[in-house]
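Asks: Build the 3D model from these lines:
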Amino acid sequence: MRKYNRKEAVEYAKIWAYKRNPKYYNFDTVGGDCTSFVSQCIYAGAKVMNYNTYGWFYRNGYNKSASWSGVEYLYKFLVNNKQTGPYGREAKLEELEKGDLIQLSFDGNVFGHTLIITDIRKNHIYIASHTEDSYDRDVLTYSFRKLRGIKIEGVR
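Replies: The predicted model follows:
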């Protein structure tokens with residue numbers, strides 16, 4: 001086990017928040033690029049993928065895990081991962097740090113948007129995201145019914 005490099009994850013978010021890394025498929029026209037962008041950020045901080053059938057990986061836009069670009073799938077991978085790659089747990093907002101994740105539910109039932117935390121200042125959480133491209137945006141400027149935090153605890 002090793003530490004997740006939060007600084008590198010956030011630095012990646014800063015570089016790519018308003019543009020697309022040509023190494024990765026842009027999912028904006030097929031459901032949104034938010035979770036793929038956050039996966040790219042996590043990969044920058046983890047430096048390892050999990051190539052198992054139900055793992056977390058990206059080879060190209062047609063050869064990737066569901067967890068790379070799917071909100072619920074990323075959540076399930078991170079909180080259940082006992083093998084290679086990043087792992088975490090659902091956490092309260094006050095436990096979160098830069099490089100951790102927030103997922104939003106707009107209807108109160110289904111989580112549909114993934115964000116990476118870029119800063120926490122004066123009890124305000126600031127995020128980066130794709131689909132609605134943002135960097136250092138206060139999470140409270142979103143209109144949502146429910147949110148959940150995901151604390152990335154390390155990398156195997």
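Asks: For the residue most central in space within the chain, give me the pLDDT.
Replies: In the chain, the centroid-proximal residue (Cα atoms, centre = their mean) is residue 38; its distance is 3.3 Å. Note for residue 38: predicted pLDDT of 98.
Asks: Next, find the distance separating residue 59 from residue 153.
Replies: 26 Å (Cβ to Cβ, to the nearest Å). For the C-beta atoms, the positions are set from N, CA and C on the backbone; glycine is no exception.
Asks: For these two, indicate the residue with more neighbours.
Replies: Using other Cβ atoms under 10 Å, the more surrounded residue of residue 59 and residue 153 is residue 153, with 16 against 11.
Asks: Report the contact partners of that one.
Replies: The neighbourhood of residue 153, defined by Cβ atoms under 8 Å, 6 or more residues apart in numbering, consists of 4, 87-89.
Asks: rerun that using 7 Å as the cut-off
Replies: Residues in contact with residue 153 (Cβ atoms under 7 Å, 6 or more residues apart in numbering) are 87-89.
Asks: how about stretch 82-101: buried residues?
Replies: Across stretch 82-101, burial judged by 16 or more other Cβ atoms under 10 Å covers 84-88, 91, 96, 98-101.
Asks: Now, those that are in strands?
Replies: 86-88, 91, 101 (DSSP state E).
Asks: what's the farthest-apart pair in the residues you listed?
Replies: By the measure Cβ to Cβ, 86 and 91 form the most distant pair in these, at 14.1 Å.
Asks: residue furthest from the geometric center of this protein?
Replies: What lies farthest from the middle of the chain is residue 122; by Cα atoms, centre = their mean that is 22.6 Å.
Asks: Could you check the pLDDT of residue 20?
Replies: We have a pLDDT of 98 for residue 20.
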